[in-house]
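Colleague: got a structure for you, letters missing:
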């Protein structure tokens, strides 16, 4: 059994019933599920390992629950298949009939099923193991596959075959096993085959058409879909109650009318009149007084005569069934793990960011979450979904950096059977379809290939997808969140990212600052993680505090959590965390700065340059910003003025990004940032660094001088 294969255990009283149910389930979903069987008749030696259990009826639920208290158990409703039912119909009115089954509750269910089919002209006498009815006046018995229990005194026994599970119960079983809704159609076809076989058998032995009509009526009234039988003359000769309810008219008003008259008020029905399809059948979505109805026309050939069966299924009901399956998929694993309370902070900037994200969550707009690796982009995405109106729907996270380029499209959009070599036999739903009714988070969107970007743009614009190798359009109801640690403006300038996709995604941008820009959270997150995860409370020495606070944290919060895990072992025997308890990488940086002699100007400049490269900010933008401050001749300059100057030199920078650039430069002591409206100014060290760039031939980092003419922002 593969790691994806589920197991199903069928428990019944009788082994024959067990074999019957196992055969049916194997025929429909045997390729996806390993099916086992246990019968109380043979005895249950010990519980088996299984994912889901199905009993042969609700009466077994308490007994099975005792044996398997933790398992998912489906107790189905079971229906008569129609086997040998014509013999029951032909029994004289008021005949006393022994109904044989076991236990008593199963016998009573069988009697109710016969009555539900409209077979009410008989007097039913229930019989089960241990029952003692008066058999002197009973000559006929009916049994659903339990004929071996019938008393020997009975002269005539009609075996109507084991009862099949209902359509609704089969849907419950699919949901419990996490299988595709398409199997419902396979089950319906399987059940229809039972009915059609019974109909053919009935027609061969009954001479009067009225008896055939009676049989068909009692069977088809079990279906939730509307159904109409049309004879070779195009006249309706049989309809069920579901169609009567759909059309809000009495059944008698529909009998004997022409099918064209019945379909008169169904819009878009023209395709149903196309005869070029021969025996393949037709279907069309029609509108009936504001309701969308799927109408199917099925030809039935018999003795060179063609009849037709029309089925009517409300699209809204199909969508409800689909929604149940999609919700179950969400419960299966596509769930959010985090809320805003899981984003730990004592910093005002991060708290303000959380409030902004909460307000964004209440909308249906697309969002672009940016920030360095490890800052918590996916954490924010989870929290946004959980606080959104879609919180009851699925949350599907996709990481482009973790999917091979050749598989991205099939993973996102799914594929049809035979779409490519190695494709699954039944095809595969994509992650976008899994996210229907909920949210999909496209992490590392900056790594998406251009071909996939084009298809993503269509999803954003049209709210629909097409599977790989398919021709059918599937509408979607999905909110898209995207995340990246790359500079998408730089990627757009280099034609590695589509501008139209960027503007579609970034309706509501959210930029998460790196950990070094809110150092107050370093010790807070570290202490809280240790306490909540390991129930540890540690003091930190002044040297350890200083080292943690002034470290650059290139891995951000993710790296900080790793340090916490390291301290659980390294400082296990100490109540106070000292400098030597910290990871070597942090301590070596400290030792290097304390022991080594002062760097030469060239080495210092190279160190600054290396630090700027590690910041992941574009060097061209940082260098241009320094050049602008130098041109201002040490005059203080506000962020808005700097943004305008940058734009005049073809560098579009948002206010949040400008703030980040200034923080990076301040971290290298290249600029001094004043409080409130005091603006920013280039330091002496910043001037020396610019001189070094020019003298070392790296002036290409600098931005061009401002053109004389007015420079307007792009449309």
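Modeller: Everything's here; your move. Because the structure is a prediction, the values reported are computed rather than measured.

Colleague: quick check: residue 172 touching residue 73?
Modeller: No: taking contacts as CB atoms under 8 Å, residue 172 lies outside contact range of residue 73: 10.4 Å. Where C-beta positions appear, they are placed from N, C-alpha and C, glycine not excepted.

Colleague: show me this structure divided up by domain.
Modeller: Domain ranges of the chain: 340-511, 515-592, 601-701, per automatic domain parsing.

Colleague: okay, those domains in JSON lines with mean neighbour count and mean pLDDT next?
Modeller: Shown next, in JSON lines, are the domains of the chain (neighbours: other CB atoms under 10 Å; pLDDT from 0 to 100):
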{"stretch": "domain 340-511", "mean neighbour count": "18", "mean pLDDT": "89"}
{"stretch": "domain 515-592", "mean neighbour count": "16", "mean pLDDT": "87"}
{"stretch": "domain 601-701", "mean neighbour count": "17", "mean pLDDT": "78"}
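
Colleague: now render those as JSON lines, adding distance to residue 57.
Modeller: Formatted as JSON lines, those follow (distance: least, CB to CB, whole Å):
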{"stretch": "domain 340-511", "distance to residue 57": "31"}
{"stretch": "domain 515-592", "distance to residue 57": "48"}
{"stretch": "domain 601-701", "distance to residue 57": "63"}
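
Colleague: quick one: closest of these to residue 116.
Modeller: domain 340-511 (34.4 Å; CB to CB).

Colleague: all helices for the stretch 501-650 of the chain, in order.
Modeller: 520-534, 542-550, 556-570, 584-595, 601-614, 619-631, 639-648 (DSSP state H, counting those that start in this stretch).

Colleague: export these to CSV and tack on distance to residue 692?
Modeller: Compiled in CSV, these are given as follows (distance: least, CB to CB, whole Å):
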stretch, distance to residue 692
helix 520-534, 32
helix 542-550, 24
helix 556-570, 29
helix 584-595, 21
helix 601-614, 4
helix 619-631, 11
helix 639-648, 22
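
Colleague: now residue 253, what are its backbone angles?
Modeller: Phi and psi for residue 253, reported as degrees, to the nearest 10, are phi -80, psi -20.

Colleague: neighbours around residue 120, how many?
Modeller: Number of residues near residue 120 (other CB atoms under 10 Å) recorded here: 12.

Colleague: can you tell me the SS state at it?
Modeller: coil (DSSP: H, G, I helix; E, B strand; the rest coil).

Colleague: please tell me how far it sits from residue 242.
Modeller: Separation of residue 120 from residue 242 (CB to CB, to the nearest Å): 21 Å.

Colleague: just give me the longest strand of this protein.
Modeller: strand 291-302 (DSSP state E).

Colleague: list the helices and strands the helix or strand that it is followed by packs on?
Modeller: The element immediately downstream of strand 291-302 (helix or strand, assigned by DSSP states H and E) is strand 305-314. Helices and strands touching strand 305-314, by 3 or more CB pairs under 8 Å, 6 or more residues apart in numbering; DSSP states H and E, are strand 226-230, helix 241-247, strand 291-302.

Colleague: repeat that for 10 Å
Modeller: helix 182-205, strand 226-230, strand 236-239, helix 241-247, helix 259-262, strand 282-288, strand 291-302 (3 or more CB pairs under 10 Å, 6 or more residues apart in numbering; DSSP states H and E).

Colleague: now the ones you listed in TSV, please, with extra columns for mean pLDDT.
Modeller: Converted to TSV, these look like this (pLDDT from 0 to 100):
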stretch	mean pLDDT
helix 182-205	72
strand 226-230	87
strand 236-239	84
helix 241-247	87
helix 259-262	87
strand 282-288	83
strand 291-302	82
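
Colleague: relative to residue 626, which of those is closest?
Modeller: Short answer: helix 182-205, nearest of those by CB to CB, at 61.5 Å.

Colleague: my read is that residue 380 contacts residue 367, right?
Modeller: Yes: between residue 380 and residue 367 there is a contact under CB atoms under 10 Å: 9.0 Å.

Colleague: now for these two: what residues contact both?
Modeller: Residues touching both residue 380 and residue 367 (CB atoms under 10 Å, 6 or more residues apart in numbering) are 357, 360, 361, 441, 481, 483, 510.

Colleague: among those, which two are most distant?
Modeller: Every pair of the shared contacts of residue 380 and residue 367 checked by CB to CB; the farthest is 361 and 483, at 14.9 Å.

Colleague: which of the shared contacts of residue 380 and residue 367 fall within strands?
Modeller: Going by DSSP E, the strands hold 441, 481, 483, 510 from the shared contacts of residue 380 and residue 367.

Colleague: give the contact list for the residue nearest to residue 625 when sequence neighbours are not counted.
Modeller: Distances taken as CB to CB, 6 or more residues apart in numbering place residue 661 nearest to residue 625, at 5.7 Å, with adjacent residues excluded. Contact partners of residue 661, counting by CB under 10 Å, 6+ apart, are 615, 617-618, 621-622, 624-626, 639, 642, 646, 651, 653, 671.

Colleague: and the longest strand of the chain, which strands flank it?
Modeller: Paired with strand 291-302 in the same sheet, following DSSP bridges, are strand 282-288 (antiparallel), strand 305-314 (antiparallel).

Colleague: and the residue nearest the centre of this protein?
Modeller: When CA atoms, centre = their mean is applied to the chain, the residue found nearest the centroid is residue 434 (3.1 Å).

Colleague: doesn't residue 440 make contact with that residue?
Modeller: Yes: assessed by CB under 10 Å, residue 434 is found in contact with residue 440 at 8.3 Å.

Colleague: just give me how far the longest strand of the chain sits from the chain centre.
Modeller: 32 Å (CA atoms, centre = their mean, to the nearest Å).

Colleague: repeat that for stretch 477-496.
Modeller: 23 Å.

Colleague: distance between the ends of it?
Modeller: 28 Å (CA to CA, to the nearest Å).

Colleague: hang on, the earlier thing: which neighbours do residue 172 and residue 73 have in common?
Modeller: By CB under 10 Å, 6+ apart, the residues touching both residue 172 and residue 73 are residue 54.

Colleague: hang on, the earlier thing: the inter-axis angle of the longest strand of the chain versus strand 226-230?
Modeller: 40 degrees (axes from the mean of the first three to the mean of the last three CA atoms, to 10 degrees).

Colleague: list the buried ones in strand 291-302?
Modeller: Burial within strand 291-302, assessed by neighbour count using 16 or more other CB atoms under 10 Å, is assigned to 293, 294, 295, 296, 297, 298.

Colleague: how close does the fourth one get to residue 366?
Modeller: Separation of residue 296 from residue 366 (CB to CB): 38 Å.

Colleague: now the last one
Modeller: Shown here: residue 298 relative to residue 366, a distance of 43 Å by CB to CB.

Colleague: one more: the second one?
Modeller: Here the criterion is CB to CB. By it, residue 294 lies 32 Å from residue 366.

Colleague: can you tell me the closest non-neighbouring residue to residue 186?
Modeller: That would be residue 28: by CB to CB, 6+ apart, it lies 5.2 Å from residue 186.

Colleague: and the strand or helix carrying that neighbour, average pLDDT?
Modeller: Assigned by DSSP H and E, residue 28 belongs to helix 15-29. Mean pLDDT, helix 15-29: 88.

Colleague: that one - contacts with which helices or strands?
Modeller: strand 6-12, strand 33-39, strand 52-55, strand 164-165, helix 167-177, helix 182-205.
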